[in-house]
Structure formats: structure tokens, C-alpha cells
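Chemist: sequence plus the predicted model coming up.
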Amino acid sequence: MLKGKNVPIEIRVMSLTDTNGPVPIVRPELGPCWIWNGSLTRDGYGKIKRSSHIGGITLAHKVPWEALHGEVPPGLQLDHLCRVRHCVNPAHLEMVTPRVNNERSFSPSALNAKKTHCQNGHVLTLDNTYIYKSGARNCKICKGELRRKATLKRNPDAGCAMKLKTHCPRGHEYTAENTRVYKGSRFCKACNKIFKERLRDQLR
């Protein structure tokens with residue numbers, strides 16, 4: 001690599017770059033990669049000191065891009081269209097949001113976001129999917145089944161007893177209209193209505 005206090009970073013980057021690299025398999029129409037032969041980050045991206053005598057590290061692929069297009073604005077990232085992380089060819093880069101960059105990757109979160117079914121084969125529709133603040137998704141059917149199993153584990157006879165009973169302790173029939181199922185247990189709606197009425201009377 002060219003050294004010296006006054007050597008521009010663009011020249012130092014190109015001195016460590018092989019511009020006759022392989023053509024990427026995923027996007028051959030982009031042409032050959034420019035392979036970085038210097039130091040790499042833990043994730044496999046090229047890195048270089050901003051100044052040969054002051055210090056401070058920057059990603060190597062940002063240097064050719066910014067020389068042609070200007071500085072990358074805060075909140076945006078450069079995505080490698082060729083999927084070769086140590087490529088510094090600006091023609092192989094696209095400026096995108098972090099979310100788009102992640103969705104295009106092969107990370108566990110990106111692969112999970114592309115799934116249309118859960119691991120048990122249930123379709124991840126809007127009605128059947130819990131979406132958490134982190135963006136993670138969970139199948140409602142599977143979660144309900146886990147709750148039912150947890151209930152049976154705490155009380156193995158609960159499932160059998162619930163199926164055998166046709167009436168609640170107060171004699172109300174467990175019809176579809178009069179039954180609420182919650183976490184693997186059944187509740188009588190008529191009893192619940194009586195309880196609420198009594199509670200209102202006491203609060204008057």
C-alpha cells in the first residue's frame with residue numbers, strides 16, 4: 001500500500017484493491033468485483049484508516065462510493081448487490097435503509113421475515129400472527145397450543161375433565177354460546193354475568 005502523510009485515502013484504497021476480481025454469481029451483469037486485499041472487519045468488510053498518520057477507521061467500500069456520489073447520509077447504508085462483502089466496486093453498491101439492507105441479506109431475522117408459514121405449517125396471516133415491537137413474529141395457533149400443553153402439564157386431568165363436563169358447577173350447560181375458552185380452560189358466561197351483576201350491586 002502507498003504510504004505517506006499526504007497520500008489521499010482514495011489512492012491508498014485503490015493500491016490495495018484488485019479491480020479484476022471474479023464476476024459475482026448472484027448478479028453477473030454487474031461485472032467483476034473489486035476485491036479488497038487489506039484488513040477486514042469481524043463481519044468480513046474491508047477497513048482502512050481515514051488518515052495514514054492520524055487514525056480513525058472507515059469501511060473501505062465507502063471510499064470509492066463517496067468519491068463518486070458524496071457522503072452517505074445518516075440513517076442510510078451501502079448494500080453490496082454482489083453479496084461479496086470485501087468488494088469495493090461502487091457499481092456493486094446501492095444506498096438503502098438499514099431495514100432494506102437487512103431484508104436483502106441472509107441473516108436469521110431476514111430469513112424469518114420472508115417466511116409465509118410457521119415451523120408447524122400454519123399460514124402466517126395477519127389474524128394468526130403476533131408481531132412484537134422488535135419485529136419478531138409468532139404464530140397464534142402454536143402459541144395457543146403451547147399454553148394448552150402448559151395447562152395440562154400443571155394439571156394432567158384438566159383436559160379430560162373439561163371434555164367430560166357438560167355443565168358448569170351451577171348447572172349452566174356448556175353450549176357454544178355460553179362457553180369461553182381461555183388458556184386451555186372453559187368458563188361459563190352465565191356465571192360470569194351473575195358475578196358481574198353482584199359486583200355492580202355491591203359497588204352501588
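Modeler: Great, that's in hand.
Chemist: how's the protein carved up into domains?
Modeler: According to automatic domain parsing, the chain comprises the domains 9-105, 115-154, 156-203.
Chemist: what are the boundaries of the strands in this structure?
Modeler: Along the chain, counting by DSSP state E, strands occupy 17-18, 35-36, 47-49, 57-59, 77-80, 93-96, 129-131, 137-139, 179-182, 185-188.
Chemist: circling back: out of the domains of the chain, which is the most enclosed?
Modeler: Most buried of the domains of the chain, by mean neighbour count (mean count of other Cβ atoms under 10 Å): domain 9-105, with a mean of 16. The C-beta positions use only the backbone N, C-alpha and C, and glycine is treated the same way.
Chemist: from the chain's centroid, how far away is that domain?
Modeler: With Cα atoms, centre = their mean, to the nearest Å as the basis, domain 9-105 stands 24 Å off its chain's centre.
Chemist: quick one, phi/psi of the nearest residue to Thr97 once chain neighbours are set aside?
Modeler: Among residues not flanking Thr97 along the chain, Leu76 sits closest, at 6.3 Å (Cβ to Cβ, 6 or more residues apart in numbering). Leu76 adopts backbone torsions of phi -120, psi 160, taken as degrees, to the nearest 10.
Chemist: about what we covered before: as TSV, the domains of the chain with mean pLDDT would be great.
Modeler: Listed next are the domains of the chain as TSV, based on pLDDT from 0 to 100:
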stretch	mean pLDDT
domain 9-105	91
domain 115-154	76
domain 156-203	77
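Chemist: follow-up on the earlier one: Ala150: which of the strands of the chain is closest?
Modeler: Checking those against Ala150 by Cβ to Cβ gives strand 185-188 as the closest, at 11.5 Å.
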